[in-house]
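Student: Just the structure for this:
(2 chains)
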Amino acid sequence: MIRAIVIWILLATAAMAVQPDEILDDPALEARARELSKGLRCLVCRNESIDESNAELARDLRLLVRERLVVGDTDAEAVDYIVARYGEYVLLKPRATGSNLVLYLIGPVLLLIGGAGATLYVRRQRIGGPEALSAAETARLSEILDE
Amino acid sequence: MFVELGHFTLILALLVAAVQMALPMIGAAKGWRSWMAVGEPAAILQFTLLGFSFAALTTAFVVSDFSVALVTANSHTLKPMLYKVTGVWGNHEGSMLLWCLILAFFGALAAWFGGNLPDRLRARVLSVQAAIGVAFLSFLIFTSNPFLRLEFPPLNGQDLNPLLQDPGLAFHPPFLYIGYVGLSMSFSFAVAALIEGRVDAAWGRWVRPWTLLAWLNLTIGIALGSWWAYYELGWGGFWFWDPVENASFMPWLISAALLHSAIVVEKREALKSWTILLAILAFGFSLIGAFIVRSGVLTSVHAFANDPERGVYLLAITAVFMGGALTLYAFRAGGMQAKGVFGLVSRESALVLNNVLLAVATFVVFLGTIWPLVAEVVWDRKLSVGPPFFDLAFTPFMMGLAVILPIGAMLPWKRAALGRMMRPLWLALLAAFGVGALAWVVQTERSLFAPVGALLGGWLIFGAATDLWQRSGRGDLASKLRRVVRLPRADLGRVVAHSGFGVTIFGIAAMTAWQIEDIRVADVGETFGVGAYEITLEKVKEVRGPNYFSTKAEMRVDRAGKHVVTLFPEKRVYPVAAMPTTEAAIDNGVLRDLYLVIGDPQVGGGWAVRTYVKPFANWIWAGAIIMALGGALSLSDRRFRVAAGARKQPKPVPAE
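Tutor: Residues are numbered from 1 along each chain as shown, chains lettered A, B, ... in the order given. Okay, here's the model as predicted:
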C-alpha cells in the first residue's frame, strides 16, 4: 500500500504538454511558438510533436523555441537552429529537398498519370467498343460538352 | 484443463484449415464434386473449433487463471469484469486469435450464405480463405501462442495497460478486425475469379456485400479509435497520422474505392480487371497494416507487440499472398473483356474519377507512412513524416472528391447531359456557398479553412438531399415521402453515406479552425473566462477507484451568469501498471464541446488547468456513424436481393 502511494506521488508530478509557466507574455510570440511546436517532433516519444508531448525533453525543446523567438529569430531561423542541433529527424514535415522531392511529387504525378490513364481508358472503350457512338450521337456529345 | 482444450482445438483448426485449403481447390480443378463439397463443412468446423478456442481463452481471463502467461501479463483480479473480457484482445496474442476467429467466421458465412454461388466458385473462395487461415493460424501457434502456461503462476497479474481500460478502446479492435479481415473475403473472391478466368455482373454483386460489411466496420472502428484519442489523450486531438492509424485508414480508403468500382462491375460489366486489382490491394493493405502494427518497424504510440521474428513472418505472409495474387492477376487480367460501354460524361466516368482520387490518396498515405524507413535504408537519412505533411498532401484529394461527388452521384449511367443534370444541383451549390459565406461572417479569424470546409460539407449534404429529392419523383410532399421510403435501400444508403461524409468534413474544418484553448494556473475558488464561458475551479480532492487513485477537480461552468454544467476532470494513476492517465471532463453538445483537463499542483499554489471550447467536435464522429449507417442500409438491400435471387432458384445451379 505504502509503495503504491509512493508511486502515485511520483507519477502525479508527470507534466502534461504545454505548462502554464512556459507561456510567453506576448500572445503573438506565443502563437508563433505554438505553431512551430506543432511541426517539431518530440525525439524520445514515438510519434508526438513537442506541443502534445509530456516528456521532459519536449518541454526543453518548447522552452528553446520560445527562447529563440524572444531573442528575435524568425520562424525559419528558430527551426534552423533546432534542426542544426537535433537533425532533420526533428521535423514532422520533412523538407522538400533531394530525395524527399519524391515524397512530395508522388501525389500530383500519380494523379496526372491516373487521370490520363483513366481518360484514355474511357475514350478508347468509347470509340472502339461494340456500342461506339453514331455520328449523330458524337455531334450531340460535343454539343453537350460545349454547354 | 479448458486452456489445454482451447490449445488443442486451435491446433485442430489449423489442420482443418489445411484440408479446407487443399481439397476444394483440387476438386474444383478436376471437377470432383465430392472434393469440392468438403469446403463448406470444413469452414463451419474451423469456425466452431476456433470459437471454442477463443471461449477457452476468455474463460482464462474471466476466472483470472494466472498460470496462463498471457493472463498474467495482461490482467489483474481487481480489474472490472468488462476489461477482463476485453483484455483478451488487448494484447498481441489474443488479438491475433480474434483475427483468426473472424477470418474463420467469414469463411463460415460464405459457406452458410453461399448457396447461390456456382459450386466451383464457392469451392475456390473457401479454399483461398482457408489458405489465409493456414498462414495466420500457423503464425499464431508458432510465434504468438496465447495458451502458453507459466511454471510458477504468480498470485496476481500485471494489469492491462490503463489506456486500454476504456469502453471506446475496448470495442475498437473487434470492429477494426471485422473490417481488415472482411477484406479477405473480397480478396478470396478476386483470386477465385482469376483462377476461374471469369468476372461478370454476378461476381460484382457477390463481392459487394462483403466489401460493404468490411468497410462499414472499418468506419466504426476508426471512428471509435479517433473518439477515444479525443477524450482520453487529454488535448482533444482526433487524428494524428500515426503509422498505426494509417494502417487502418489505408484499407478504409481503398475499400471505399472498391465499393464504388464493384458497382460498375455489377451494373455495367465494366472496370472488371481494375476492380479485381483493388480487391487484391485492399486486403494487401490490411496485411501491410498488420505488419506495421505488430512488427514495430514503424514505431508509434500504440504498437503493442514489437518483435522482429513476428515482423518477418507477417512480411512473408504479405509477400506470398500479394505476390501470388498479383502474378495470377498479371497472367489472367488481360482476358477480361468489358461489356458495358459509356460516354465521357457518365456515372461510370465519375466513378473512375472517384477511384483515381481514392487510390492515389491511399498511395500518398502509404508512401508517407513508410517514407522514414525508405529514406533511412536507401539514403541513410533519418527523418520523420508527421501530421503537417499528411495534412498538406492528403487533404486536396478529399477536397477534390467532395467537389465531384454530388455531381457524380446524380449522373445517369452510360452517357449524360451535364447541363441538364446540373440544373437541380445549382440550388444545392448556392446553399453550400451560403453556408460557406455564413462561416466566413461569423468567424473572427481571416482564415479560409473553416469557410471552405463548410462550403464542401454543405455541398455534400445539400447535394445528397437534392439526389433524394430527384429520386422521389413528382407530386406533392406526401407522395414524394412515400416514394422515398420505397426506394431501393442501396439508393438510400448512398444518400445517407454521402451526407455523412459532408458532416465529417464540416466537423473537422470547424473544430480545427475555431477551437479555443486556454492554459493557466487557477487557484481553488478562482473564476476565469474562456470564450463566452466563465469557469470556476470549485474543489480539488483525492479519491480512490477500484484499481486506481485519482485527483478529481470540481469545475463549474457558467455562461452570462447562468449555470451551464459542473464538470469533474480527473488525473488518475494506476499503481499496478505504474501509469498516469488524464480523464478529461467533456460536456458534449451539438454546437460545441467543453473540454476540461486538470493538471499538476503548482509550486506557488493553484493547479494547472486546460480548457478547450471545441465547436462542432461531435460532427466528426457523427458523420462517420452516418456513413456507416449508409453502408448498413445499402447492405440490407443487397442481402434482400441475394436472398430473393436464391428463392427464385430453389435448386442450386450445377456447375458447367
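
Student: And residue A:103, how far from chain B?
Tutor: 5 Å (Cβ to the nearest Cβ, to the nearest Å). Where C-beta positions appear, they are placed from N, C-alpha and C, glycine not excepted.

Student: right, and residue A:42 touches residue A:55 too?
Tutor: Yes: the pair residue A:42 / residue A:55 is scored as a contact, 5.5 Å apart, by Cβ atoms under 8 Å.

Student: neighbour-wise, which of the two wins?
Tutor: residue A:42 (24 against 17; other Cβ atoms under 10 Å in any protein chain shown).

Student: ok, now which ones touch that one?
Tutor: A:48, A:49, A:50, A:52, A:53, A:55, A:57, A:58, A:61 (Cβ atoms under 8 Å, 6 or more residues apart in numbering or on different chains).

Student: what about 10 Å?
Tutor: Residue A:42 sits next to A:48-59, A:61-62, A:90, A:92 when contact means Cβ atoms under 10 Å, 6 or more residues apart in numbering or on different chains.

Student: which residues do residue A:42 and residue A:55 both contact?
Tutor: Common neighbours of residue A:42 and residue A:55 (Cβ under 10 Å, 6+ apart) are A:48, A:61.

Student: wait, which of the contacts of residue A:42 is closest to chain B?
Tutor: Nearest to chain B, judged by Cβ to the nearest Cβ, of the contacts of residue A:42 is residue A:92 at 2.9 Å.

Student: Tell me where chain A has helices.
Tutor: In chain A, the helices defined using DSSP state H lie at A:2-12, A:27-38, A:56-71, A:75-86, A:100-128, A:135-146.

Student: Tabulate the CA atom coordinates of the third one in CSV.
Tutor: Below are the C-alpha coordinates for helix A:56-71, written out as CSV (Å, rounded to 0.1, in the frame of the first residue of the first chain):
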residue,chain,number,x,y,z
GLU,A,56,10.9,16.4,-20.2
LEU,A,57,12.8,16.7,-23.5
ALA,A,58,9.8,18.1,-25.2
ARG,A,59,9.5,20.7,-22.5
ASP,A,60,13.1,21.6,-23.0
LEU,A,61,12.6,22.0,-26.8
ARG,A,62,9.4,24.1,-26.2
LEU,A,63,11.4,26.4,-24.0
LEU,A,64,14.2,26.5,-26.5
VAL,A,65,11.8,27.5,-29.3
ARG,A,66,10.4,30.3,-27.1
GLU,A,67,13.9,31.4,-26.2
ARG,A,68,14.9,31.8,-29.9
LEU,A,69,11.7,33.7,-30.7
VAL,A,70,12.3,36.0,-27.8
VAL,A,71,15.8,36.7,-28.9
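
Student: pLDDT averaged over it - what is it?
Tutor: Averaging pLDDT along helix A:56-71 gives 88.

Student: That helix near chain B anywhere?
Tutor: No: judged by Cβ under 10 Å from any Cβ of the partner chain, helix A:56-71 and chain B are separated, with a smallest distance of 11.9 Å.

Student: and that helix, how far from the chain's centre?
Tutor: Mean C-alpha position of helix A:56-71 versus that of the full chain (Cα atoms, centre = their mean, to the nearest Å) differs by 20 Å.

Student: go on, the fifth one?
Tutor: Mean-position distance between helix A:100-128 and its chain equals 25 Å (Cα atoms, centre = their mean).

Student: buried residues in it?
Tutor: Across helix A:100-128, burial judged by 16 or more other Cβ atoms under 10 Å in any protein chain shown covers A:100, A:103-104, A:106-107, A:110-111, A:114, A:118, A:121-122, A:125-126.

Student: cool, and stretch A:58-69?
Tutor: Applying 16+ other Cβ under 10 Å to stretch A:58-69 flags A:58, A:59, A:61, A:62, A:64, A:65, A:66, A:68, A:69 as buried.

Student: Does anything pack onto the helix or strand hosting residue B:573? Which helices or strands?
Tutor: Taking DSSP states H and E as the definition, residue B:573 sits inside strand B:570-574. On a contact count with 3 or more Cβ pairs under 10 Å, 6 or more residues apart in numbering or on different chains; DSSP states H and E, strand B:570-574 meets helix A:2-12, strand B:533-544, strand B:549-559, strand B:579-583, strand B:592-601.

Student: Go through the ones you listed and pick out the most buried.
Tutor: strand B:592-601 (a mean of 23; mean count of other Cβ atoms under 10 Å in any protein chain shown).

Student: Can you list the strands that that strand pairs with?
Tutor: Under the criterion DSSP bridges, strand B:592-601 sits next to strand B:585-587 (antiparallel), strand B:607-615 (antiparallel) in its sheet.

Student: excluding its backbone neighbours, what's nearest the residue nearest the centre of chain A?
Tutor: The residue lying closest to the centre of chain A (Cα atoms, centre = their mean) is residue A:93, at 4.8 Å. What sits nearest to residue A:93 in space, not counting adjacent residues and going by Cβ to Cβ, 6 or more residues apart in numbering or on different chains, is residue B:388, at 3.7 Å.

Student: can you list the weak-confidence ranges in the chain?
Tutor: Just so you know, I chose chain A. Scanning chain A for pLDDT under 70 picks out A:1-16, A:125-138, A:140-141, A:144-147.

Student: could you do chain B instead?
Tutor: For chain B, the ranges with pLDDT under 70 are B:160, B:296-308, B:337-340, B:638-656.

Student: The residue nearest to residue A:93 contacts residue A:79, correct?
Tutor: No: the criterion here is Cβ atoms under 10 Å, and residue B:388 misses it with residue A:79 at 11.8 Å.

Student: Next, show the common contact partners of those two.
Tutor: Common neighbours of residue B:388 and residue A:79 (Cβ under 10 Å, 6+ apart) are A:39, A:40, A:91.

Student: overlap between these and the residues near chain B?
Tutor: A:39, A:40, A:91.

Student: quick one: contacts for the last one?
Tutor: Spelled out, that is residue A:91. Counted by Cβ under 10 Å, 6+ apart, residue A:91 has contacts A:39, A:40, A:41, A:79, A:82, A:83, B:383, B:384, B:385, B:386, B:388, B:389.

Student: Can you list the strands that the strand holding residue B:573 pairs with?
Tutor: By DSSP bridges, strand B:570-574 pairs with strand B:549-559 (antiparallel), strand B:579-583 (antiparallel).

Student: angle of the longest one against strand B:533-544?
Tutor: Put plainly, it is strand B:549-559. 160 degrees (axes from the mean of the first three to the mean of the last three Cα atoms, to 10 degrees).

Student: partners of the next helix or strand after strand B:549-559, with directions?
Tutor: Next along the chain after strand B:549-559, taking DSSP H and E as the criterion, comes strand B:562-567. Sheet pairing here is set by DSSP bridges, and for strand B:562-567 it gives strand B:549-559 (antiparallel).
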